[in-house]
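Undergrad: quick one, what's the 3D model for this:
(chains A and B)
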Protein chains: 2
Amino acid sequence: VDKRSIAVDLGGTHVRTAVSDESLHLAGRTDAPTLLELGPEGIIDQIVRQARQSVSESGVSWSQVQTLVVGAPGPLDATSGVMLNPPNLPGWENVPLRLSLEAELEIPVKVANDANAAALGEFYFGAGRGNRNLVYITVSTGIGGGVVVEGRLVEGASGTAGEIGHTTIDRYGPVCKCGNKGCLEVIASGTAIARRFREGLAAGERSIVTEWVDGDLATSADVARGAQQGDRFALALFTDAAEAVGFGVVNCIHLFNPDVIAIGGGVTKAGRLLFEPIQRVVEQYALAVPRNVVRIVQAELEEDVGLIGAAALSWTHSRVAW
Amino acid sequence: VDKRSIAVDLGGTHVRTAVSDESLHLAGRTDAPTLLELGPEGIIDQIVRQARQSVSESGVSWSQVQTLVVGAPGPLDATSGVMLNPPNLPGWENVPLRLSLEAELEIPVKVANDANAAALGEFYFGAGRGNRNLVYITVSTGIGGGVVVEGRLVEGASGTAGEIGHTTIDRYGPVCKCGNKGCLEVIASGTAIARRFREGLAAGERSIVTEWVDGDLATSADVARGAQQGDRFALALFTDAAEAVGFGVVNCIHLFNPDVIAIGGGVTKAGRLLFEPIQRVVEQYALAVPRNVVRIVQAELEEDVGLIGAAALSWTHSRVAW
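TA: Purely as a prediction, here's the structure:
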């Protein structure tokens, strides 16, 4: 049988679907803005519609379609396939995405953390090609991650492994939305950089960034631009955030001793402004043996990473429930 | 063929050896104080002698002996089998333990981090029995660790994975001997607790511990005893150290989503004094889904853990060089 699987990338802005075969060739791609205003039911309908479109456009028959894998924003319980309360999908709370899709499409469905899926995408087709041990970190609105050890995605007992964004590097630091203290996401995500910028201005800092945008509306990209133009406050803030990511990277080097750490997500558009402080922290603080083997690089796959990762998960033996 | 392997536990105080078969049955055990005063060459001779004794006492022939695995104190490079500069073996620097033992015994030798080996021991015969994902943390003179994912030890690209003791939870904290900042070992190891106790006394703290031991000589066990007797400073210090371990445990929960976290090592003799603050930090700061599946328990194997772990490593397929 010529088996196929449906890959879905469910994001806060886009829903993408495709049909994949075992060599991860994608066919019948669809890509549409997430219909956030329709709420969970409407978006589940949207996924079903786009999935059906992928199948019909790719010219395969439904009898060939074995499974559907959705990469979806966390937090979620991969065992039950329940989305808990993803900040990127407002109004979703305890949505049984897996059951809803299985009821609708009558094939086994797996719901995976989007950053975990992306890690697998980078491993097979991006910065991890030819390696066996990869840590993927996405620095974006939030900070997520995924880990591949000896060619296999680390899923954990309930499919929530790889939450690098919610590891603490400053036990006395601010409290994150996740409830944890001083984790990477509350210090160094795009949202955190923007928040810290506002807080700084409120505390009396001055910045050239306010010449082109109201400080309350400045994004991490604005802060990066200010830093690149030599603005003292913006540079100090962005560097501090990047160093925080650096400590997270050191922790990953010490725990996983990976061949490669691939960093993706929108905040990496800042380039050297982000990567140089990370490298500096790693040079200074990581143990020599694992430091000497690891490459720290920009992730290579862009918007396709989630879809490719979901496709890869389709064909990966996994103990976490379908 | 009825294959055998030699398991060696090389520690700062004891050298233990045994012969193991594939079911991890140990025979011909030896146990002797480490001859620290003889330096690396003398201790390597000691290992060879005890290994030979294990083989002869267990009644197997040398032709059955396939391999020797040493669990040894880090830092080490498992790929080359070179011991770098282990604090627990003074005078050792860049010792090619693997080559020396292979030259002497003419069988393939693998040098593994002792805490990694112990993790595997706990996984097979201790607190991890019946589970698939385990994190092992030893809180002792130093803090070490090892991780088992889906039944396999995480070794990493050069065999140095699992260095939980050198993960940062306080980026503004003190500098560790390892060069890193605010890692668990410099905050919460037995050595750190004793050092912080001395520092506190020097800064004017008072403690009943000084009624039975000179403050400069007090160990973490003395601090624990003081805390158990209600001494304010000793209790605050020990609790702070335990909470630091708690943050390390939270990070492991978020990264590995394990079924069980087993904590061993001498400092666990403090019992609830150590475990209650850890549990409190986990309750307060860990994400609900992975927190609800993980058991945090005292490691079960005592002095045998290293030997059993080395034996288990003998029969584990591993990509890190022999």
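Undergrad: now find how far off-centre stretch A:157-174 is within its chain.
TA: 14 Å (C-alpha atoms, centre = their mean, to the nearest Å).
Undergrad: name the element residue A:31 belongs to?
TA: Element membership for residue A:31 (DSSP states H and E) is strand A:26-33.
Undergrad: strand partners (parallel or antiparallel) of that strand?
TA: Note on strand A:26-33: by DSSP bridges, its sheet partners are strand A:14-20 (antiparallel).
Undergrad: what comes up buried for the strand it pairs with?
TA: For strand A:14-20, burial by neighbour count (16 or more other C-beta atoms under 10 Å in any protein chain shown) applies to A:15, A:16, A:17, A:18, A:19, A:20. For glycine as for every other residue, the C-beta is placed from the backbone atoms N, C-alpha and C.
Undergrad: restrict that strand to CA atoms and write it as PDB.
TA: Presented in PDB, the C-alpha positions along strand A:14-20 are these (Å, rounded to 0.1, in the frame of the first residue of the first chain):
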ATOM      1  CA  HIS A  14      -2.100  30.300   9.800                       C
ATOM      2  CA  VAL A  15      -3.500  26.900   9.300                       C
ATOM      3  CA  ARG A  16      -1.400  24.800   6.800                       C
ATOM      4  CA  THR A  17      -2.100  21.300   5.700                       C
ATOM      5  CA  ALA A  18      -0.500  18.900   3.300                       C
ATOM      6  CA  VAL A  19      -0.400  15.200   2.400                       C
ATOM      7  CA  SER A  20       2.900  13.500   3.000                       C
END
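Undergrad: give me the contact list for the host helix or strand of residue A:100.
TA: Assigned by DSSP H and E, residue A:100 belongs to helix A:97-105. Residues outside helix A:97-105 that contact it (C-beta atoms under 8 Å, 6 or more residues apart in numbering or on different chains) are A:44, A:47-48, A:51, A:68, A:70, A:72, A:76, A:80-83, A:108-111, A:322.
Undergrad: now that helix: mean pLDDT?
TA: For helix A:97-105, mean pLDDT rounds to 97.
Undergrad: ok, now stretch A:11-23?
TA: If you average the pLDDT values across stretch A:11-23, you get 94.
Undergrad: repeat for stretch A:176-190
TA: 96.
Undergrad: pull out the buried residues from it.
TA: Judged by neighbour count using 16+ other C-beta under 10 Å, the buried positions of stretch A:176-190 are A:176, A:178, A:180-190.
Undergrad: export those residues to CSV and tack on secondary structure and distance to residue B:211?
TA: What follows is the buried residues of stretch A:176-190, written out as CSV (DSSP: H, G, I helix; E, B strand; the rest coil; distance: C-beta to C-beta, whole Å):
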residue, secondary structure, distance to residue B:211
A:176, coil, 43
A:178, coil, 45
A:180, coil, 40
A:181, strand, 36
A:182, coil, 37
A:183, strand, 41
A:184, helix, 45
A:185, helix, 47
A:186, helix, 44
A:187, helix, 43
A:188, helix, 47
A:189, coil, 50
A:190, helix, 55
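Undergrad: of those, which is the nearest to chain B?
TA: If you rank these by distance to chain B using C-beta to the nearest C-beta, residue A:180 comes first, at 4.6 Å.
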